[in-house]
Each structure stands twice: as structure tokens, then as C-alpha cells.
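Novice: show me how the following folds:
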Amino acid sequence: MRFITKSLHAYLDYRVALGLIIMPFILGIGSINPVALYLSVTTGAAAFILTLLTDHQFGLIRVLPYKLHLAVDGAVGLVFVAAPFVFGFTGIEAAYYWVLGATVLLVVGLHKPDDANVTA
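Specialist: Below is the predicted model of the structure:
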């Protein structure tokens, strides 16, 4: 049931990075705990740079292997799921990180192994 291809992932990367930068302001993330805002914006900026440097169709300077990109995405998903516990996020801030973390982990988990250069 793995259907997320390298091309689809590449298409979504810049949008997700920009979403991590913009959405906290729209949703009021950080009004309870400022760390919630900084974590999302910083991760969004880092994701944008990671995408620029990844060896896929939308990478501008293709120096990082796509497999590394997926590993970083997986680590971000785990950090986002843990963030509410670690930083004491509550309410919408906790929900924001749990939903994003679970979504990132789902995307990584549903990735086609042949496109990820991983043997099954």
C-alpha cells in the first residue's frame, strides 16, 4: 500500500516548508508557549533548505541523497510527536504538533521503497 513516490514527495516539500513557516501565524501557534512558534518556523526554514539541497526533481543544488532527506523527515516526525510532551505544549499547539508529526511519519511510512532507494 506504499504509494508516495519521490516525485510526489518532491512536489509537496516546498509547500510543507512554507506551511510550517506561515501556518503558526494563522493559527496563533506560540501564543501559549513561544517555543511552539519558533520550532515550527525554524523547522520550516530548515526543510526549505533541505529541499533545495536534495537530489530530486525540485532540488536546485542536488548534493544530499534523497534517502537522507527521508531519514530527516522521519526524525522531524518523531520530534513533532514528542514536542508537546517535551516542551509542555497544550491545546491547539499540542494538536498542531501531533497532527503534523503523525502526518510526516505516515508520508515517510507510505513511501515507495524503490523510489527511496531502499530494498524491500
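
Novice: check what contacts stretch 56-68 and list those residues.
Specialist: Applying CB atoms under 8 Å, 6 or more residues apart in numbering, the contact partners of stretch 56-68 are 6-7, 9-11, 13-14, 50-55, 69, 116-118. In this view, the C-beta of every residue, glycine as well, is placed from N, C-alpha and C.

Novice: again with stretch 94-101
Specialist: Contacts of stretch 94-101 (CB under 8 Å, 6+ apart): 20, 23-24, 27, 29, 36, 39-40, 76-84, 89.

Novice: so which of those residues belong to strands?
Specialist: Assigned to strands by DSSP state E, none of these qualify.

Novice: helices of this protein, start to end?
Specialist: With DSSP state H, the ranges of helices along the chain come out as 6-27, 34-53, 66-87, 91-109.

Novice: any chance of these in TSV, with distance to Leu60, mean pLDDT and mean neighbour count too?
Specialist: Shown next, in TSV, are the helices of the chain (distance: least, CB to CB, whole Å; pLDDT from 0 to 100; neighbours: other CB atoms under 10 Å):
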stretch	distance to Leu60	mean pLDDT	mean neighbour count
helix 6-27	11	95	16
helix 34-53	5	98	18
helix 66-87	14	97	17
helix 91-109	22	97	17
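
Novice: okay, these in JSON lines with distance to Gly59 next?
Specialist: Shown next, in JSON lines, are the helices of the chain (distance: least, CB to CB, whole Å):
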{"stretch": "helix 6-27", "distance to Gly59": "8"}
{"stretch": "helix 34-53", "distance to Gly59": "6"}
{"stretch": "helix 66-87", "distance to Gly59": "9"}
{"stretch": "helix 91-109", "distance to Gly59": "18"}
